[in-house]
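In: need coordinates for the following:
(3 chains)
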Amino acid sequence: MLEVKDGTFYYNQKTPILENVNFKMDPGEIMAVMGRNGVGKTTLIKCIAGILKWKSGYSIVAGQKSGNNKPIAEIGYVPQAHKSSFSYSVRDMVVFGKVGHNSYFAVPQNKDYQKADDILERIGIKDLRDKPCNELSGGQLQLVFVARALVNSPQLLILDEPEAHLDFRNQLRLLKLIKNVVSEQNISCIINTHYPNHAIRIANKCFLLGDNDYQEGAVQEVMIDTNIKKYFSVRSQTLYTTYEGIQIPTFVFLDEV
Amino acid sequence: MDRTVRNQYLIIITFLCILLVLVIVGSMVFGRYKISLVDIGNVIKNRINGTYDDTLKIMDHVLINVRLPRILLAGLVGAGLSISGAALQGTFQNPLVSPDLLGVCAGAGFGAALGILLFSDDSVISSLLPFVFGISSILLVFFLAGGQGRTETLSLILSGIIVSSIFNALTSLVKYVADTGDKLPAITFWLMGSFSNTTYTHIKISIIPASIGIIGLLALRWKINLLSLGDEDAYTMGINPNRTRWNIIFFSTLVTAACVTVSGIIGWIGLVIPHICRRIVGGNHGRLLPVSCLMGAIFMILVDSIARNLTLAEIPIGILTALIGAPFFAVIYRQSKGGM
Amino acid sequence: MKRQIIILLLAIVMLYSLTGCGSDTQQEINQTETIAKATNNKSDEDTQSHTRTIIDLGGNEVEIPPVSEIEHVVVITPPVTSVLLEVIPDTDMIVGLSPKAFVYSNEDVMKKLFPNYKDIETTFVGDDFSINTEALLALNPDIILYYGENQRKGLENIGLPIINFFSPKLIDPKDVTVAWDNLLREIFETDGGESLETEWEYFDTKVEEILVGQTKEPKRGLWVFSNVGGSLVAAGSSSFDSYAESFFEKAGIVNVATSIEGTAEVDMEQIYEWDPDIIFVFHNVPAQRYLNNSIEGQDWSLLEAWENQAIYDIPQTAYSWGAPCADSPLMPLWLISKAYPELYGEEEFRSELSGYYRRLHNVTLTEENMDMILNLRDIK
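Out: Predicted structure coming up:
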């Protein structure tokens, strides 16, 4: 589904942000990208999404190699919630997801609106559909952006800190939604997050990015106290709770190192 | 499928089309030369039957050769300036942008002044020059802003300011050296903008580039929505933001240059009409552009009719659009409490 | 950094050398003028007490030197220049003119009235009447004649007598020209000779006598003030920039554009609506092109005046007769000769014209001169 091969990116050649990144993802997998502020998490997902170009190396999404300056339709990207200069209705905003990948002069058809309504229904914000986006709360807007990414039936969903502006109930809702969508549609998902507890709840894989190296692997193996100490300079302790028969590890952050 | 929004949009479009026809017919009836409805009927009858009536000679001339081309041109220019204003506002994510943002009007103004100064005998060259310089101003902006590469909105706007001021300075230079007897007034009249003395030649000059531009913008209208969300969003939603932006700039330049070439510089319309239309159909450029186009044509024909009829003397159209447009704009601005 | 400084210095040097080239000739003039001034100064000291005070048309009290000391005159207002030519003892005293002074002039007539008019300095005043003070002072003027507040800017603080020829109270061309003539006569103390006032009296009675015979419906005239770039401007009722109405009134012609205040752009529809009997063209596009109907976007052939070939260029001598000038007393009579030729023909007018020039300007006009003045102007 997704393969990154020797991915390297820098603004200044002397200080590469990403160097020789290699990993693979299969359908149905969710990978959490984690790391300190400014370490290059967003750079990584922007490179995969094609917004930034790999300086060397490449990525392959759904059989399409990066680097031909053409957006790959199979990628659905969810940016952080931000307002726009013009207020569009929620429905329009979701339909916009359809517009770009259609032919160059395309005008959305009835079936595109139909699809947008279906997705709004599934995400549970159908009642918002005629509201102007600029009047929504940050959480609602984030959901709209998720819907906009999903309307195109992507093979790879990329989310940039989607829970940033949400209260914890909405955080929970959003994470559940992502998990459901990924398993229902058997797609891959990369999620960029600051919360180890979220990563461990929804992700199968974890990508821990440091200043000079990275670790990538199954989330239970990567997201451990020693790595939190190494990559975040924070002392932590893992506790376990059980919910609906599943043991859930939880990190308690004690002090900075 | 929410049919109400779509239906509402179709109703608005239909209504505006009907209104446009009514406004055209109305403007045909009113003018300084009094023509009764009966005589208008007779003129049309004669035209259709190919008959000739010497007593209707002047009326025929006034209707067909004075009023009709003027109304058509006003409509074309209104539509063109409004749609390119709406398109550029979306593209630059700024509701205060007007069609002359990137120096098109300044370039065309210089071209016109130069044409009057050097080629006043050759009407073909002097009417082509504004168009040529309008287009070249955008090419200059293109190179200043860094060409096909990753062009930031800010560097585009800065380049536009630079190019505008260069051309404005050159225009002043031309005005300075121009003969005050007949060339300087001609340049001044042109810069003020006017539809008086419109002939079918003006329409012939402008109709092709303006139509190409308008059709191009209409075709790209949904893409403008994506651009207005920012380059990153636009890219991930499947368009190449730089290429799309340049396409839109190219088409709107084509329209603006074609309009300015035949009408002179007419301000406000490209700024005000999109705002009015945004109040009616919302921000979605997929609907905003067609509505702006129609509304611009209606507004311009109406304003020009006022310019023709209000007093014996022609009122310069640029003054009227500003006088009517600016308060309109102020009212809309207040109603929306500053939020565009 | 070093390189940038050098480039900057080079640029400054280049700019200065450019301005240097431009001002070379100016400096030469300056030098000769200062010498002239130095010699003048001696005589100034003896006669300084003889300054006179006059009241100009703007109502300002102006102290001017005695007439014997007025050697250099600068005149910024174009129409007054033609009257000045008639009053001034010697045209060589005129050292500075507006570049617009003779834009509406007939070259052959000018050669007789003011032979070296093309050599007079005009660069000190811009087309918009902006003044280059240093260039003006370099001309060493004794008095400066100007017209209205607009031209006053740039003259106020130069310490020379400036005389305003604009009065907001005067709108009739007769009053205007007579006021100019009288003020100029006061300045130059020329009491003898024909004055415009006597000429006006003479022509007024003549016009009155002729118009007694005019019992038919008066002709309806259009005065085209300008026609450039497809923009047609008609002259309406009297104001400071348009004397059409007054001249028409004197000649018994009705101004179709009387409801326009001053001058204003009109569209062709309005012209059709007015449908004038006779059209007078002030400047720009010459009348011949109206008669050929070759003006793009304007169909003149639909008008009564065109059918009757009654479209005329307003004559130009030292200045256009459409504005107040030295030949203004002739204008009503000329209008009559075009509007009512059955009452007063061109032949009679020609004899009046040559008589006027002999009396007022001491100039004999040849038949060719008069053809040039009265015929339609050539299409350039």
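In: quick one: low-confidence ranges for the stretch 1-150 of chain B?
Out: Applying pLDDT under 70 to the stretch 1-150 of chain B flags the ranges B:1-3, B:147-150.
In: hmm, 80 instead?
Out: By pLDDT under 80, the weakly predicted segments of the stretch 1-150 of chain B are B:1-6, B:53-54, B:96, B:100-101, B:120-124, B:146-150.
In: quick check: residues of it near chain C?
Out: Along the stretch 1-150 of chain B, the residues adjacent to chain C under the rule C-beta under 8 Å from any C-beta of the partner chain are B:31-34, B:57-58, B:61-62, B:65-67, B:116, B:123. Where you see a C-beta, it was placed from the backbone N, CA and C, and this is true even at glycine.
In: show me the strands in the stretch 101-250 of chain C, by range?
Out: C:143-146, C:162-164, C:220-228, C:231-235 (DSSP state E, counting those that start in this stretch).
In: please convert the ones you listed to TSV, extending it with distance to B:S305.
Out: Shown next, in TSV, are the strands of the stretch 101-250 of chain C (distance: least, C-beta to C-beta, whole Å):
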stretch	distance to B:S305
strand C:143-146	43
strand C:162-164	44
strand C:220-228	24
strand C:231-235	19
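In: quick one: which of those is nearest B:G216?
Out: Closest to B:G216 of the strands of the stretch 101-250 of chain C is strand C:231-235 (C-beta to C-beta; 32.5 Å).
In: can you list the strands that the closest one pairs with?
Out: strand C:220-228 (antiparallel), strand C:263-266 (antiparallel) (DSSP bridges).
In: want to throw these into a markdown table with mean neighbour count?
Out: Below are those laid out as a markdown table (neighbours: other C-beta atoms under 10 Å in any protein chain shown):
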| stretch | mean neighbour count |
| --- | --- |
| strand C:220-228 | 25 |
| strand C:263-266 | 23 |
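In: which non-adjacent residue is nearest the closest residue to chain B within chain A?
Out: Nearest residue of chain A to chain B, counting by C-beta to the nearest C-beta: A:G100, 2.9 Å away. The spatially closest residue to A:G100, leaving aside those adjacent along the chain, is B:G238, at 2.9 Å (C-beta to C-beta, 6 or more residues apart in numbering or on different chains).
In: and what about the residue of the stretch 1-150 of chain A found nearest chain C, helix, strand or coil?
Out: Per C-beta to the nearest C-beta, A:N12 is where the stretch 1-150 of chain A lies closest to chain C, at 23.6 Å. When classified by DSSP: H, G, I helix; E, B strand; the rest coil, A:N12 comes out as coil.
In: any stretches of the stretch 151-300 of chain B with poor pLDDT?
Out: B:151-153, B:179-182.
In: over to the residue in it that chain A sits nearest to: give its phi and psi.
Out: For the stretch 151-300 of chain B and chain A, the shortest gap (C-beta to the nearest C-beta) falls at B:G238, measuring 2.9 Å. Dihedral pair for B:G238: phi 110, psi 10, per degrees, to the nearest 10.
In: ok, now C:P89?
Out: phi -60, psi -40.
In: residues contacting B:M295?
Out: Residues in contact with B:M295 (C-beta atoms under 8 Å, 6 or more residues apart in numbering or on different chains) are B:16, B:82, B:273, B:276-277.
In: how about whatever residue of the stretch 101-250 of chain A ends up closest to chain C, nearest residue that isn't a chain neighbour?
Out: Taking C-beta to the nearest C-beta as the measure, the stretch 101-250 of chain A has A:D211 as its residue closest to chain C, at 35.7 Å. Spatially, and ignoring its direct neighbours in sequence, A:D211 is nearest to A:V39 (6.3 Å; C-beta to C-beta, 6+ apart).
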